[in-house]
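1. Predicted model, plus sequence, below.
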Amino acid sequence: MSINTAVRDYLLTRRTVTAPFLAEPGPDAAQIEEMLTIASRVPDHGKLARWRFVLYEGAAREAVGERLHEIARAKWPERSEEQLEAERRQFLPAPLTVGVISTAAPHVKIPEFEQLMAAGNACFNLCHAANALGFGAHWVTRWFAFDKTAAAMLGAKEGEQFVGFVHIGTPQTTLEDRERPDAKALTTRWVAG
Ligand SMILES: Cc1cc2nc3c(=O)[nH]c(=O)nc-3n(C[C@H](O)[C@H](O)[C@H](O)COP(=O)(O)O)c2cc1C
């Protein structure tokens, strides 16, 4: 079996570039289409594809910020304007954010848990796709993935759940790596009892 050193090197070194460090240029229409194609090429029990994507780009990013700011002000009336101001910039400066929504629903054979994991796979593969095309990516959920009013404003329908928002753009810096788990310490070998 031959070793794919490019893939191995990538997997051993990949890391998130956090949203504040993602800027223009963002991907063009053809690159977005390719990324979403890669994102959808994931292990998915039953081939149900129980996820969908919502794109936030251009002027929509500021409009999203204004709405998040409004919802946050109603949700946390005790917060100062200064504290709430950050909500306006949630989808800035990254030129593109992709919302990944789980559309998991009851199925005769495939548990919803597995459908949800497949949507998570799509989210992470989208990060890989962005990296493969030369962009940085940051997968977040934040409060608005779980707040019903905010999630509905962002495009989730009744019964749907955001599994993440992937901010995508050109990295403005190289971030230092963070501490990584010791896989050995997380591993045991099963023995027959
Ligand atoms: C489901 C999920 C939700 C996350 N939500 C957030 C978030 O809301 N805010 C945040 O700063 N990081 C969040 N993260 C963490 C980042 O995506 C990322 O894992 C981390 O910043 C660095 O990881 P990496 O360098 O291994 O890619 C989330 C990760 C996952 C898997």
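-> Structure's in. What do you need? None of these values were measured; they are calculated from a predicted model. Numbering: from 1, shown residues only.
2. List the buried residues of the longest helix along the chain.
-> Looking across the chain with DSSP state H, the single longest helix is helix 112-132. Going by neighbour count (16 or more other Cβ atoms under 10 Å), the buried part of helix 112-132 is 114-131. In this view, the C-beta of every residue, glycine as well, is placed from N, C-alpha and C.
3. next helix or strand past that helix?
-> With elements assigned by DSSP states H and E, the helix or strand that comes after helix 112-132 is strand 136-140.
4. what about the helix or strand immediately after that next one in the chain and the ligand, any contact?
-> With elements assigned by DSSP H and E, the helix or strand that comes after strand 136-140 is helix 148-153. No: on the criterion Cβ under 6 Å from any ligand atom, helix 148-153 is out of touch with the ligand, staying 13.0 Å away.
5. and helix 148-153, what other elements does it pack with?
-> helix 60-75 (3 or more Cβ pairs under 8 Å, 6 or more residues apart in numbering; DSSP states H and E).
6. thinking again about what came up before, what is the rounded mean pLDDT of the longest helix of the chain?
-> The predicted model assigns helix 112-132 a mean pLDDT of 98.
7. what comes up buried for the helix or strand that contains F53?
-> Per DSSP H and E, F53 falls inside strand 51-57. Residues 51-53, 56-57 are the ones in strand 51-57 that count as buried (16+ other Cβ under 10 Å).
8. Lovely, talk soon.
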